[in-house]
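**Student:** Structure for this input, please:
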Amino acid sequence: MELVVKDSSIELIRGDITQMETEAIVNAANTSLLGGGGVDGAIHRAGGKAILEECMKIRNQQGGCPVGEAVVTTAGKLPSRYVIHTVGPVWNGGMNQEEDKLRNCYRNALLQAEEKGVSSIAFPNISTGIYRYPKDSACFIALGEVFRYLSENDTSIKKVIFVCFDEENLDFYKKEFKKYEA
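**Tutor:** Sure thing, here's the model as predicted:
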């Protein structure tokens, strides 16, 4: 599926983000930036030690990455040029500003991509795994924030791909995409 926003496109696929041949991929990282489970672990394993080494330099400079913020490293052995690490919120019933924090993840990842002059970027489903953010709400926020960013800015980013690892997330994104097509 594809949406056109000004002179950019938003695409939807089911797949493995570590295989994406985009200029940047986004990692759903943790605040330590040292790798972990889910997509974070997969990106670190597939990309090799160069990613971890740059993450450690960032940690030494600024002490990790706060929730909602984003930092950039090499993509190591991955087919991308950059990994943009962003830390999503842990779901606590919506009472801890999780929505704003998740919006910031997408916005700050796009801003980091823009700084690097990236034309294509792939996002995973941030916070919907072990951080337990409800998948339908996370999808609504993700697509809305990316659509808003592309609509309101003249950007180097010409292609945004949402990469869904599981069928459940893919179904939520398909439903949400249809709302934008109308």
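**Student:** What ranges does the chain have for its helices?
**Tutor:** Using DSSP state H, the helices of the chain run over 38-47, 49-62, 98-115, 135-152, 167-181.
**Student:** which other helices and strands contact the first one?
**Tutor:** Where contact means 3 or more Cβ pairs under 8 Å, 6 or more residues apart in numbering; DSSP states H and E, helix 38-47 is packed against strand 24-29, helix 49-62. No exception for glycine: its C-beta is placed from N, CA and C like everyone else's.
**Student:** Tabulate those in a markdown table, adding columns for distance to Phe123 and mean pLDDT.
**Tutor:** Formatted as a markdown table, these follow (distance: least, Cβ to Cβ, whole Å; pLDDT from 0 to 100):
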| stretch | distance to Phe123 | mean pLDDT |
| --- | --- | --- |
| strand 24-29 | 5 | 98 |
| helix 49-62 | 17 | 96 |
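**Student:** Point out the most buried one among the ones you listed.
**Tutor:** Each of those was scored by mean neighbour count; the highest is strand 24-29, a mean of 28, by mean count of other Cβ atoms under 10 Å.
**Student:** Work out the gap between that one and the centre of the chain.
**Tutor:** Its chain's C-alpha centre and that of strand 24-29 lie 5 Å apart, by Cα atoms, centre = their mean, to the nearest Å.
**Student:** can you list the weak-confidence ranges in this structure?
**Tutor:** For the chain, applying pLDDT under 70 flags the ranges 182.
**Student:** same thing but 90
**Tutor:** Confidence mapping of the chain against pLDDT under 90 gives the ranges 1, 35-37, 180-182.
**Student:** just to revisit the earlier point, who wins for proximity to Val118 among the helices and strands packed on helix 38-47?
**Tutor:** For Val118, the closest of these is strand 24-29, at 4.7 Å, according to Cβ to Cβ.
**Student:** What helices and strands are in contact with that closest one?
**Tutor:** helix 38-47, strand 82-87, strand 120-123.
**Student:** Out of these, the one nearest Lys6 is which?
**Tutor:** Among the helices and strands packed on strand 24-29, the nearest to Lys6 by Cβ to Cβ is strand 120-123 (15.4 Å).
**Student:** quick revisit: would JSON lines of the helices of the chain with distance to Ile121 be doable?
**Tutor:** JSON lines is the format used below for these (distance: least, Cβ to Cβ, whole Å):
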{"stretch": "helix 38-47", "distance to Ile121": "14"}
{"stretch": "helix 49-62", "distance to Ile121": "17"}
{"stretch": "helix 98-115", "distance to Ile121": "5"}
{"stretch": "helix 135-152", "distance to Ile121": "9"}
{"stretch": "helix 167-181", "distance to Ile121": "16"}
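**Student:** How about the contacts made by Asn27?
**Tutor:** Val39, Asp40, Ile43, Val83, Ile84, His85, Thr86, Pro124 (Cβ atoms under 8 Å, 6 or more residues apart in numbering).
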